[in-house]
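Below are the sequence and a predicted model for it; my questions follow.
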Amino acid sequence: MDYFLNQVINGLQLGLVYALIALGYTMVYGIVKLINFAHGDVFMVGAFVGYFGFAHWGLPLPVAILFSMLTCAILGVVIERLAYRPLRYAPRIMALISAIGVSFFLEYFCSLRFVFGPDYRVVERPIQTVTWHLGGVTVTNLQLIIMVTVAAMLIFLQYVVFRTRVGAAMRTVSYDHDAARLMGVDVDRTISITFALGSAMAALGGVLYAIAYPQIQPFMGIMPGLKAFTAAVLGGIGLIPGAVLGALIMGQVETMTAAYISSQLRDAIVFVILIVVLLVRPCGILGRTEPEKV
Amino acid sequence: MRLPKWFVMLLVALLSLSLVAGGCGGQQAQDQKTGEGDKGNSIKIGLISPLTGDVKTFGESVQKGFELALEEANYQVGDIKIEKVIADDRADATEATNVATKLIDQDKVSAIVGSVTSNCTVPASAIAQSAGVVMISPTSTAANVTMDPDRKDFIFRACFIDPFQGTVGARFAFNDLQAKSAAILFDQGNPYTVGLSKAFKDEFTKLGGQIVAEEAYAKNDTDFNAVLTTIAQKKPDVLYLPDYYQKVSLIGKQARDKGITAAFLGGDGWDSTELDYATMDGGYFTAHYSGDDPRPEVKQWVEKYEKKYGSKPDSFATLAYDATKLLLKAIEDAKSTDPAKIKEAMQNIKDFPVVSGKVTFDEQGNPVKSAVILQVQKDKTYKYITTIEP
């Protein structure tokens, strides 16, 4: 039983980090119907900037995280401005291909010597790990920090989307771009804000990830990005609670597969789930099928 | 939405600039080639090693060893002049295939020193073999580097092989560490770690030990909490981690986080200045040579290397130096730049003294050598523990 609970906590830690990335995927998809494949790489940039912040420039951790979030927010807006906005009224496949291009660009640009370099870097943890033993279950302060952060972010995003003017604009834009424009909503600005928010979230995820699994490199965003994307689809892409729910399920599935079936099967099973969800319930767990608008 | 005019202009200007620059590069390369033709009796030796990427310290050390050996020979064997061509494979199998093809087809090398990691050397050696180019890998320990399934007769190596290394690790764990149980974590996509863990498992069980867990992961995995929780519960005496330094450091850290106190044990992939020494402190690994070895060849070599580069040579630098020496010896014996003759001479080398021991190749192109066990120290050094004969 202790063993099972320990594994649940392991899965929770993994799932919550996926959740932070999945939030960005889902927000961007919700508003512009674009799968932003560069999102995992924004996550990587966030991890690197955060790492430089606390390990090299001596910033306190919260400042380093804020700085990293700010940098990535700007990066997200720039990516949207240069790579997606010009293609907004082009066929959707174009934007998708552009997103893949941006993803590769970020990976290889960051591997250049004068940017981050191609090497693996060991991250010195800026906070001392404290382990608590509750019965047979071990919890670390790190897991607690990640948990609280994700919960706070989830609430914050729900608040922004449903209780603020910007959120109202987002919902309007996601419903219909042209109608929103006719109603006086600044569509471009709203989309930029969405990208900024999503990218900042990815940066936060990146820094937490780098602290939890203390090693970073320019291609580190690919797998978590794919997993988070799967999570977003699983929970119902476009829905903020769906992203978190999907990510938590993914974390548990991965951990339980490794714990009870075989560590060799973890990735295989995760992606089988993606295929099954797309075949059986394409709108995801929390999603509702809507009739096509005419 | 249209791009602003200045942006388009800038892009066009940049593109045309790069075109001009590229053209110049091509011109230069051509000049060099015609220049080389006049030199007459010369041979080109290629080096393939991971100079960037996740095991870049291996590649950097190998390049230092390789260049030192050539410098000592003054880039000449008898009246044959030597030119070097250096290529980076990033420890990526596809890239290794690309650079091997480039070295052979474009640079026309007759011999290659490399590559460093087995996952690169295996595909690159297939190319060298079919092109009839001699290749000697300094450090690739996978069994199928020289045999696949028949002997690739142009391919040699300067190090012992994985089955031997894993066996030595198991014997050390059982006999010296008195371990009764062991857990293994390995990368299922890398022949190096698969080979080591298999050899370790076979020997350890044969000796009477018990493997309590055998867990696989993928190259890009970073979360090992699930399997480490399983392992922590089974309380093994030894945790065998036969991967490269960066992955080992990451797993080691998470293992200690999970409260696993088992001794860490690994292979020569640990040998790097970027190993996380604080975490891996007290861990043991099988290596090719020890800088503390009292033999005069080793002392001389360490002094020479320190004078030139200001640091102590690791196994990778040493083996690259040895491999290059062996190749030069073969060229000298063959008195020819013909790869087929060099290959013959290489196979016939008998008891040639190099830093890591005396080399004679067996019929599979592997040198017969002993292994040493080193212990990781917090202060970024290795302590010599013991030598284990084959």
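Sure, I can see it. Since this is a predicted model, take the numbers as computed values, not measurements.

who are the neighbours in contact with the spatially most central residue of chain B?
In chain B, the residue lying closest to the centroid (CA atoms, centre = their mean) is residue B:116, at 2.9 Å. Shown in contact with residue B:116 (CB atoms under 8 Å, 6 or more residues apart in numbering or on different chains): B:48-50, B:55, B:58-59, B:62, B:91, B:137-140, B:316. For every residue, glycine as well, the C-beta is placed using N, CA and C.

quick one: which helix or strand includes it?
Per DSSP states H and E: residue B:116 is located in neither a helix nor a strand.

just so I have it, where are all the helices in the stretch 51-200 of chain B?
Applying DSSP state H, counting those that start in this stretch to the stretch 51-200 of chain B gives helices spanning B:56-72, B:93-101, B:118-131, B:162-171, B:191-207.

Residue numbers of chain B in contact with chain A?
Counting by CB under 8 Å from any CB of the partner chain, chain B comes close to chain A at B:1-3, B:52-54, B:56, B:90, B:188, B:215-218, B:220-223, B:225-227, B:229-230, B:233, B:246, B:249-250, B:253-254, B:257-259, B:274, B:276.

From the residues you listed, list just the buried residues.
B:52-54, B:56, B:90, B:215-217, B:221-223, B:225-227, B:229-230, B:246, B:249-250, B:253-254, B:257-258, B:274, B:276 (16 or more other CB atoms under 10 Å in any protein chain shown).

Which ones among those map onto helices?
B:56, B:225-227, B:229-230, B:246, B:249-250, B:253-254, B:257 (DSSP state H).

Cross-check the contact I'm expecting between residue B:156 and residue B:135.
Yes: using CB atoms under 8 Å, residue B:156 makes contact with residue B:135 at a distance of 7.2 Å.

Residue B:65 - nearest residue in space that isn't next to it in sequence?
Spatially, and ignoring its direct neighbours in sequence, residue B:65 is nearest to residue B:320 (3.2 Å; CB to CB, 6 or more residues apart in numbering or on different chains).

Could you report the neighbour count for residue A:156?
Per other CB atoms under 10 Å in any protein chain shown, the neighbour tally for residue A:156 reads 12.

before we move on, the earlier item: now tabulate the contacts of residue B:116 in JSON lines and tack on pLDDT.
Below are the contacts of residue B:116 laid out as JSON lines (pLDDT from 0 to 100):
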{"residue": "B:48", "pLDDT": "94"}
{"residue": "B:49", "pLDDT": "93"}
{"residue": "B:50", "pLDDT": "92"}
{"residue": "B:55", "pLDDT": "85"}
{"residue": "B:58", "pLDDT": "90"}
{"residue": "B:59", "pLDDT": "91"}
{"residue": "B:62", "pLDDT": "94"}
{"residue": "B:91", "pLDDT": "87"}
{"residue": "B:137", "pLDDT": "93"}
{"residue": "B:138", "pLDDT": "92"}
{"residue": "B:139", "pLDDT": "90"}
{"residue": "B:140", "pLDDT": "89"}
{"residue": "B:316", "pLDDT": "90"}
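
just the residues you listed now: which is nearest chain A?
residue B:55 (8.8 Å; CB to the nearest CB).

which residues touch the closest residue to chain A within the stretch 251-390 of chain B?
As assessed by CB to the nearest CB, chain A sits closest to residue B:276 within the stretch 251-390 of chain B, at 5.6 Å. Residues in contact with residue B:276, defined by CB under 8 Å, 6+ apart, are A:122, B:245, B:249, B:252-253.

Roughly how far does residue A:166 sit from residue A:30?
14 Å (CB to CB, to the nearest Å).

between the two, who's got more neighbours?
Ranked by neighbour count (other CB under 10 Å), residue A:166 and residue A:30 place residue A:30 first, with 24 against 15.

Up against chain B, what does the stretch 151-294 of chain A have?
A:209, A:213-215, A:217, A:219-220, A:222-223, A:254-256, A:258-259, A:262-264, A:266-267.

Which among the helices of the stretch 51-200 of chain B is found nearest to residue A:178?
helix B:93-101 (46.1 Å; CB to CB).

so that closest one versus helix B:118-131, what angle?
30 degrees (axes from the mean of the first three to the mean of the last three CA atoms, to 10 degrees).

now helix B:93-101: how far from the chain's centre is it?
Here the centre of helix B:93-101 is set off from its chain's centre by 15 Å, with CA atoms, centre = their mean, to the nearest Å.

send the alpha carbons of it over as CSV?
Only the C-alpha atoms of helix B:93-101 are listed here, as CSV (Å, rounded to 0.1, in the frame of the first residue of the first chain):
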residue,chain,number,x,y,z
ALA,B,93,24.2,7.4,-35.1
THR,B,94,22.8,9.2,-38.1
GLU,B,95,25.4,11.9,-37.9
ALA,B,96,28.1,9.3,-37.6
THR,B,97,26.9,7.7,-40.8
ASN,B,98,27.0,11.1,-42.5
VAL,B,99,30.5,12.1,-41.4
ALA,B,100,31.9,8.6,-42.1
THR,B,101,30.5,8.9,-45.7
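
Tell me which residue of the stretch 51-200 of chain B lies closest to chain A.
residue B:52 (4.3 Å).

So that residue sits against residue B:88, correct?
Yes: assessed by CB under 8 Å, residue B:52 is found in contact with residue B:88 at 6.0 Å.

Pull up the overlap in contacts between the two.
With CB under 8 Å, 6+ apart as the test, residue B:52 and residue B:88 both reach residue B:59.

who touches residue A:267 in this structure?
A:254, B:218.

how close does it sit to residue B:141?
Taking CB to CB, one finds residue A:267 at 27 Å from residue B:141.

repeat for residue A:128
38 Å.

Compare these two (neighbour count), which wins?
residue B:141 (28 against 7).

What pLDDT does the model give the more buried one?
Predicted confidence (pLDDT) at residue B:141: the value is 84.

Could you find the closest non-adjacent residue to it?
residue B:162 (4.6 Å).

Pretty sure residue B:140 is one of the things the one you found touches, is it not?
No: using CB under 8 Å, residue B:162 is not in contact with residue B:140, being 9.3 Å away.

Residues in contact with both of these two, list them for me.
residue B:118.

can you give me the helices for chain A?
Going by DSSP H, chain A shows helices at A:2-32, A:39-51, A:61-79, A:92-110, A:141-163, A:165-175, A:177-182, A:187-212, A:222-235, A:240-256, A:266-280.

Doesn't residue B:213 lie inside a strand?
Yes: membership of residue B:213 in a strand is supported by DSSP: H, G, I helix; E, B strand; the rest coil.
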